[in-house]
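Novice: Build me a structure from this.
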Amino acid sequence: MTTRVEIKTDTLTRAIERAGFVLEEFLLSHPKVAQWFNGEKQPTVKQLEQFAKQVRIPFGYLLLDELPQEKVPIPFFRTGKGKTDKVSLNVYDTILLLKNRQTWLADYLDDNGFDKLPFVGKYNAKTDYKKIVADIRKTLKLPEDWATQHKNWEDALKKLSTAIEDVGIVVTFNGVVSNNNKRPLEPSECRGFVLVDPHVPFLFVNNRDAKAAQMFTLVHELVHIWLGFSAGFDNAQMLPSNDPLELLCDRAAAEFLVPETLFLVAWTDEQDFRKLARKFKVSPIVIGRRALDLRLIEKGRFFQFYKNYIAGIKAKKEKNTGGGDFFATSRKRVSPRFAGFVNQALKQRQITHLDAYRLTGLKGKTFQAFMEKNF
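Specialist: Numbering: from 1, shown residues only. Sure thing, here's the model as predicted:
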């Protein structure tokens, strides 16, 4: 007789949603699980083991009275709301992956005599946002009109991310968990996050997000480093959380990307947001939000534009173009700065090849080819 295991409906629900699936959709596509959910049958041990693999959860967790609550080590802010410590498993695993990389690199830098970065936590929530922006520009050696000097957003984003890495910050762009394309990161939940550390802050940008919008995420999280405050955000509709620090980060990011003095010179009453977006290398939504904050337009106009713009993006089904050249994609996912230190530590025999594979997510000949191509 086949042994069946009793499993609670609440446990099934939590396990499915924890893995990032929509409960109703998952049950429709998995009729056997639907039978367990409805109490028509109970799973066998083998079936429950297969289910555990599907939802990426340790088998033993399913036998507990209540699933353990996995909390992210940083606050996550939601638009118009406060912070939460609950995110999908894909976001959770991405944060832990980068946290592990950061822990290793911070120890490596400390052991090898690297100084702490002077700008980490330099300011606080009471600092004027323009003072923070001025210091960031000075540190990155970027003039006020730096973005307008580039012909497109790709060049501007590359310039900015390189400048950020040059001062000691690790920048990663990815839209999946590590290199697993079957585990996407949804921008609606996470546009980016930052892990602040005095030796080596880690800054993450969701590469699945609309391309020009990534610029705002990058700078928003950059401001967090100057405030010494780790966090993640979704930033839907370009409306920040109600947290004072998030509001400050948004103001500073907007000023950095679209300086008020330059914006007022370029603005006209019948301004096309897209035209200015091309000039400043940001999303048209950033331009609309900037105009709203400077009281150049009413809320109604901004939200109508936002609605139409998002509808247009969905109609075009804009897709991430992070595929193509594997090594170019890996360079963004790993970070040139981080990979450089891994390569250096390996040559110094301070880590093994297995350590290097684990830290980069690249193995064997692929790892070797990546390092030869980049260093």
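Novice: Alpha carbons of stretch 138-149, in PDB - could you do that?
Specialist: Output of stretch 138-149 as PDB, limited to C-alpha atoms (Å, rounded to 0.1, in the frame of the first residue of the first chain):
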ATOM      1  CA  LYS A 138      32.500  65.500  -7.400                       C
ATOM      2  CA  THR A 139      33.400  62.000  -6.300                       C
ATOM      3  CA  LEU A 140      32.400  60.500  -9.700                       C
ATOM      4  CA  LYS A 141      34.100  63.300 -11.500                       C
ATOM      5  CA  LEU A 142      31.000  64.000 -13.600                       C
ATOM      6  CA  PRO A 143      29.900  67.500 -14.600                       C
ATOM      7  CA  GLU A 144      26.300  68.600 -14.200                       C
ATOM      8  CA  ASP A 145      25.600  68.100 -17.900                       C
ATOM      9  CA  TRP A 146      27.400  64.800 -18.200                       C
ATOM     10  CA  ALA A 147      24.500  62.800 -19.600                       C
ATOM     11  CA  THR A 148      23.700  65.200 -22.400                       C
ATOM     12  CA  GLN A 149      27.200  64.600 -23.800                       C
END
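Novice: Run the chain-centre distance for that stretch.
Specialist: In terms of CA atoms, centre = their mean, to the nearest Å, the centre of stretch 138-149 is set 23 Å apart from its chain centre.
Novice: List the residue ranges of this structure that fall below the pLDDT cut-off.
Specialist: 1, 78-83, 85, 235-242, 313-324 (pLDDT under 70).
Novice: rerun at 80
Specialist: 1-2, 20, 68-72, 77-86, 210-212, 234-243, 269-271, 310-324 (pLDDT under 80).
Novice: where along the stretch 151-300 of the chain do the helices fall?
Specialist: With helices called from DSSP state H, counting those that start in this stretch, the stretch 151-300 of the chain shows them at 153-166, 213-227, 244-257, 260-266, 273-280, 284-293, 299-316.
Novice: so which of those helices comes closest to R183?
Specialist: R183 lies closest, by CB to CB, to one member of the helices of the stretch 151-300 of the chain: helix 213-227, at 19.6 Å. (C-beta placed from N, C-alpha, C; glycine too.)
Novice: re the thing from before, can you tell me which of the helices of the stretch 151-300 of the chain is most buried?
Specialist: helix 213-227 (a mean of 25; mean count of other CB atoms under 10 Å).
Novice: So for F327, which of the helices of the stretch 151-300 of the chain sits nearest?
Specialist: helix 153-166 (15.7 Å).
Novice: Between the helices of the stretch 151-300 of the chain, which one is closest to D65.
Specialist: It is, among the helices of the stretch 151-300 of the chain and with distance given as CB to CB, helix 244-257, at 36.6 Å.
Novice: hang on, the earlier thing: closest to F26 out of the helices of the stretch 151-300 of the chain?
Specialist: Short answer: helix 299-316, nearest of the helices of the stretch 151-300 of the chain by CB to CB, at 23.5 Å.
Novice: And the closest one, what does it pack against?
Specialist: helix 284-293 (3 or more CB pairs under 8 Å, 6 or more residues apart in numbering; DSSP states H and E).
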